[in-house]
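Engineer: Have a look at this fold, sequence not included:
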């Protein structure tokens with residue numbers, strides 16, 4: 001028999017319903033994200049916008065320029081002083097100039113090249129501006145082109161291609177040494193080059209390079225030559241040491257000199273002396289004697 005519970009049979013218990021969330025709490029929950037997202041949102045407000053950052057950087061740069069100008073480029077001078085200090089330290093360690101070698105230069109030109117280089121004893125070798133040295137050396141009239149090499153720790157080599165002296169050019173009372181291109185070698189003292197041929201007159205400097213090799217190839221004429229005179233900047237008169245005059249044409253100088261060679265081989269006219277030999281007409285060589293009539297004083301057709 002089933003047990004009897006006092007008070008009658010128990011009533012079943014209904015489950016207790018949860019209270020609905022209030023509208024305000026629901027809205028708060030939907031607006032609040034997770035904690036990491038909240039941190040990111042907070043950090044976003046701390047940084048500068050790109051436009052503002054660019055403006056700040058520009059202002060700082062402008063301020064730096066103003067300070068540099070106001071201090072008289074003091075920052076630049078500080079950099080230069082620091083560099084000089086470094087060079088001095090390397091010089092103390094043995095990186096200083098003790099030997100300067102010049103290659104390809106004649107004794108007359110070497111002194112001018114050394115002086116133009118601006119180099120001095122015990123100068124720091126690491127701080128040398130080789131391009132500037134080369135430019136200074138190439139301003140020397142003797143030098144056609146130059147190359148400067150630094151040989152650490154203590155040597156500089158200057159290799160040059162020299163302009164050979166061709167002649168002494170006399171014009172308007174001045175005597176100057178020139179090269180084969182007619183360029184004046186300003187450092188050369190003309191009085192120290194008595195062995196060079198003398199060319200005289202306007203345009204003689206530019207035309208000498210063409211006529212002098214032809215004269216130099218004829219020793220009998222070359223050894224008697226005193227000067228080559230440029231006439232009207234178009235042709236040459238050759239003045240000999242005995243006062244004789246040889247007149248060359250404006251064109252085809254080589255053919256005229258060949259005629260002179262033939263005349264000299266037959267009559268040794270360069271030894272006999274004459275007042276003038278006129279070679280301007282290719283069809284006839286006219287010889288004017290100095291004191292007496294010379295054999296063959298007028299030679300038609302160069303014969």
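Structural biologist: Happy to help now that I have it. Small disclaimer: the values here were computed from a predicted structure and weren't measured.
Engineer: Could I get the full set of strands for the protein?
Structural biologist: With DSSP state E as the criterion, the chain has strands at 99-103, 143-151, 155-162, 165-171, 174-179, 198-200, 225-231, 235-240, 245-247, 276-278, 284-288, 298-300.
Engineer: Counting neighbours, which bits of the third one end up buried?
Structural biologist: Yep, that's strand 155-162 we're talking about. Buried residues in strand 155-162, counted by 16 or more other Cβ atoms under 10 Å: 156, 158, 160, 162. Where C-beta positions appear, they are placed from N, C-alpha and C, glycine not excepted.
Engineer: Show me which of those is closest to residue 169.
Structural biologist: Nearest to residue 169 among these is residue 162, at 18.3 Å by Cβ to Cβ.
Engineer: right, and that closest one touches residue 105 too?
Structural biologist: Yes - the pair residue 162 and residue 105 qualifies as a contact (Cβ atoms under 8 Å) at a distance of 5.6 Å.
Engineer: what does stretch 241-248 contact?
Structural biologist: Contacts with stretch 241-248, where a contact means Cβ atoms under 8 Å, 6 or more residues apart in numbering, come from 224-226, 235-240, 256-257, 260, 273-280, 290.
Engineer: ok, of those, which come out buried?
Structural biologist: By 16+ other Cβ under 10 Å, the contacts of stretch 241-248 give 224-225, 235-240, 256-257, 260, 274, 277-279 as buried.
Engineer: between those, which is nearest residue 112?
Structural biologist: So of those, ranked by how close each gets to residue 112 (Cβ to Cβ), first place is residue 225, at 29.3 Å.
Engineer: Can you name the residues bridging to the closest one?
Structural biologist: Per DSSP bridges, the residues bridged to residue 225 are residue 240.
Engineer: Likewise for the one 10 residues further on?
Structural biologist: Residues found in beta-bridge contact with residue 235 (criterion: DSSP bridges) are residue 231.
Engineer: got a list of what it touches?
Structural biologist: Residue 235 sits next to 247-250, 253, 280 when contact means Cβ under 8 Å, 6+ apart.
Engineer: Output the lowest mean pLDDT helix or strand found in the protein.
Structural biologist: helix 35-44 (a mean of 40; mean pLDDT, DSSP states H and E).
Engineer: what's the domain layout of this structure?
Structural biologist: Per the record, the chain has its domains at 92-162, 165-300, by automatic domain parsing.
Engineer: what mean pLDDT would you report for the shortest one?
Structural biologist: What it means is domain 92-162. The average pLDDT for domain 92-162 rounds to 95.
Engineer: Other residues contacting stretch 140-147?
Structural biologist: 105-106, 108-109, 112-113, 116, 134, 137-138, 158-163, 183-188.
Engineer: Can you flag which of these belong to helices?
Structural biologist: Of the positions in the contacts of stretch 140-147, 108-109, 112-113, 116, 134, 137 sit in helices, assigned by DSSP state H.
Engineer: Which of those has the largest number of neighbours?
Structural biologist: The residue in the ones in helices among the contacts of stretch 140-147 with the most neighbours, by other Cβ atoms under 10 Å, is residue 137 (26 neighbours).
Engineer: Correct me if wrong: it contacts residue 162.
Structural biologist: No - counting by Cβ under 8 Å, residue 137 does not reach residue 162; the two are 11.3 Å apart.
Engineer: Pull the number of nearby residues for residue 233.
Structural biologist: 11.
Engineer: how close does it sit to residue 186?
Structural biologist: 23 Å (Cβ to Cβ, to the nearest Å).
Engineer: now swap in residue 199 and tell me
Structural biologist: As judged by Cβ to Cβ, residue 199 and residue 186 stand 17 Å apart.
Engineer: So for those two, which residue has more residues nearby?
Structural biologist: residue 199 (27 against 12).
Engineer: quick one: contacts for that one?
Structural biologist: 167-170, 178, 205, 207-208, 212, 227-230.
Engineer: Next one: it, what pLDDT does it get?
Structural biologist: With respect to pLDDT, residue 199 has a value of 98.
Engineer: Can you name the residues bridging to it?
Structural biologist: Beta bridges link residue 199 to residue 169, residue 228, judged by DSSP bridges.
Engineer: distance of it from residue 211?
Structural biologist: 8 Å.
Engineer: again, but for residue 243
Structural biologist: Distance, residue 243 to residue 211, by Cβ to Cβ: 21 Å.
Engineer: wait, which of the strands of the chain is closest to residue 266?
Structural biologist: So among the strands of the chain, strand 298-300 is nearest, using Cβ to Cβ, at 9.1 Å.
Engineer: Can you pull out the low-pLDDT segments for this protein?
Structural biologist: The model of the chain has pLDDT under 70 over residues 1-94, 292-303.
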